[in-house]
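Enquirer: after the sequence you'll find the predicted model.
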Amino acid sequence: MVMNSPVVALNDIVVSHDSHIVLNNVSLSIYKGDFVYMIGKTGSGKSSLLQLLYGELPVVNGTAEVVGFGLNTLKSKMIPDLRKKIGIVFQDFQLLTDRSVEDNLVFYLQATGWKSKTEIKERVDLVLERVGLLAKRSILPNGLSGGEQQRLAIARALLNDPELIIADEPTGNLDPDSSNDIMKLLFEVANSNRAVLMVTHNYSIIDRFPARVIKIDNGKLMELGTEVQKWASLT
């Protein structure tokens, strides 16, 4: 079987933040269809790695390619194009509370360059149906449950048909049942030929939804496998 090119290809990279080296000699490959958990203590460098992936921090050394963009030579004017191919899901949803479910998505599409009202409506309908919120399109976010708000955030992340979804503690503010629903949805996203990289501190979720686990620790990246017993003692 011929392997597709990786969505994320980091080779011996060094990442610096405020002149301080945060990550050193980190290598990572993620392919379409992969679901990868990223764990590590607060301040270990997880956020810096995410910032590198979407062009917020530069590559100091090594080589990095994300969704087809070479980060070593990435011009600032190309960063919006990079970010269109990356969907980001936050712990705190980051929704526009004064706009309806539908208008949250319309606003995002218009902000990323969509012009046709017909195409915008079709795309919004498609992603709302995908996350099970089509019937709630006219409701304000505050009228949704926490799980539904996170579903809306995932819908927003899917709007530009990204190759990579970055989910930063997406279940951190949710109850167990809602967390399970969000995890099932994220795995469905990965199974639709996208890559999902999820940051979490909730190791019971990894137990319930096993997948590849990487750990950031002391500026290094380690592959830990999929079994909780293998890595729980290392966290």
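Expert: Done, it's in.
Enquirer: how many residues are close by the closest residue to residue 209 other than its chain neighbours?
Expert: Once flanking residues are discounted, residue 209 sits nearest to residue 183: 4.8 Å by C-beta to C-beta, 6 or more residues apart in numbering. For every residue, glycine as well, the C-beta is placed using N, CA and C. Residues near residue 183, counting by other C-beta atoms under 10 Å, number 23.
Enquirer: next one: the helix or strand containing residue 183 to chain centre, how far?
Expert: Using DSSP states H and E, residue 183 sits in helix 176-191. Offset of helix 176-191 from its chain centre (C-alpha atoms, centre = their mean, to the nearest Å): 13 Å.
Enquirer: related to what we said a few turns ago, now the residue nearest to residue 209: how far from residue 213?
Expert: Here the criterion is C-beta to C-beta, to the nearest Å. By it, residue 183 lies 14 Å from residue 213.
Enquirer: now swap in residue 128 and tell me
Expert: From residue 128 over to residue 213 (counting by C-beta to C-beta), the distance is 32 Å.
Enquirer: looking at these two now, which is surrounded by more residues?
Expert: residue 213 (23 against 20).
Enquirer: quick one: mean pLDDT for the helix or strand harbouring that one?
Expert: Of the helices and strands defined by DSSP H and E, residue 213 is found in strand 212-217. Strand 212-217 comes out with an average pLDDT of 94.
Enquirer: show me what counts as buried in that strand.
Expert: 212-216 (16 or more other C-beta atoms under 10 Å).
Enquirer: ok now the helix or strand containing residue 79, how far from the chain's centre?
Expert: For residue 79, the host element (DSSP H and E) is helix 79-84. Remark: helix 79-84 is offset 14 Å from the chain centroid, using C-alpha atoms, centre = their mean.
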